[in-house]
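Trainee: Fold the following, please.
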Amino acid sequence: MPVRLIKQIFEKRNYLYIPIPQAIFHAYRIMEYRQLSGIVENHFNSDRTLSQKIGGKFNFKWSPEESVIILTDNPVTQEYGLIEGDYLEIILYEFYVRFQGGEESRTPLFPQRMIEYLEFDPNQSLKGGK
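Mentor: Residues are numbered from 1 along each chain as shown. Next up is the predicted model:
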């Protein structure tokens, strides 16, 4: 199973990002050119109430130096109007890279179990509570 995150969106140096756990980087030998593939399940407002159900697959650029997923210029940010202070629920399931010549490499994240890093209980937010 993959990694399930509910993380707040931050902005720094004109880019939006979500911090991701160091455990992902320590568990895998990650190369800088890889992307993370995941499913964005839900978008929550800054008050942690459900804003939009998304349910779409996206590839994410990331910065290993800062341990963040970069959301700026990502289709999910543009399509759903994400802003600083909002929250995203993402299920990250693999590292992905496409080499010159079209060859692809995919590495599943934690295939034997689900790892969760949740900043709040989404079930309360989905019911309209905080």
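
Trainee: how close does E84 get to S37?
Mentor: Computed as CB to CB, to the nearest Å, the E84 to S37 distance reads 24 Å. Using the backbone N, CA and C atoms, a C-beta is placed for each residue, glycine as well.

Trainee: More neighbours: which of the two?
Mentor: Residue environment comparison for E84 versus S37 gives the larger neighbour count to S37, 20 against 13, counting by other CB atoms under 10 Å.

Trainee: Check which helix or strand the more buried one maps to.
Mentor: strand 35-44 (DSSP states H and E).

Trainee: Let me know the next secondary structure element after that strand.
Mentor: For strand 35-44, the succeeding helix or strand toward the C-terminus, using DSSP H and E, is strand 50-63.

Trainee: Sheet-wise, list the partners of whichever helix or strand comes after that next one with their directions.
Mentor: Remark: after strand 50-63, the chain's next helix or strand is strand 68-70, criterion DSSP H and E. The pairing partners recorded for strand 68-70 under DSSP bridges are strand 15-19 (antiparallel), strand 50-63 (antiparallel).

Trainee: Contacts for strand 68-70, please.
Mentor: Contact with strand 68-70 is made by 15-20, 36, 60-63, 90, as judged by CB atoms under 8 Å, 6 or more residues apart in numbering.

Trainee: Go through those residues and say which is closest to R106.
Mentor: R106 has its nearest neighbour among these in L36, at 11.1 Å by CB to CB.

Trainee: which non-adjacent residue is nearest the closest one?
Mentor: Spatially, and ignoring its direct neighbours in sequence, L36 is nearest to F60 (4.7 Å; CB to CB, 6 or more residues apart in numbering).

Trainee: And for that neighbour, the neighbour number?
Mentor: As a burial measure, F60 scores 21 neighbours (other CB under 10 Å).

Trainee: Report how many residues lie close to the residue nearest to P75 when sequence neighbours are not counted.
Mentor: Take P75 and drop its neighbours on the chain: the residue closest to it by CB to CB, 6+ apart is F58, 6.4 Å away. By the measure other CB under 10 Å, the count of residues near F58 is 19.

Trainee: Fine by me, thanks again.
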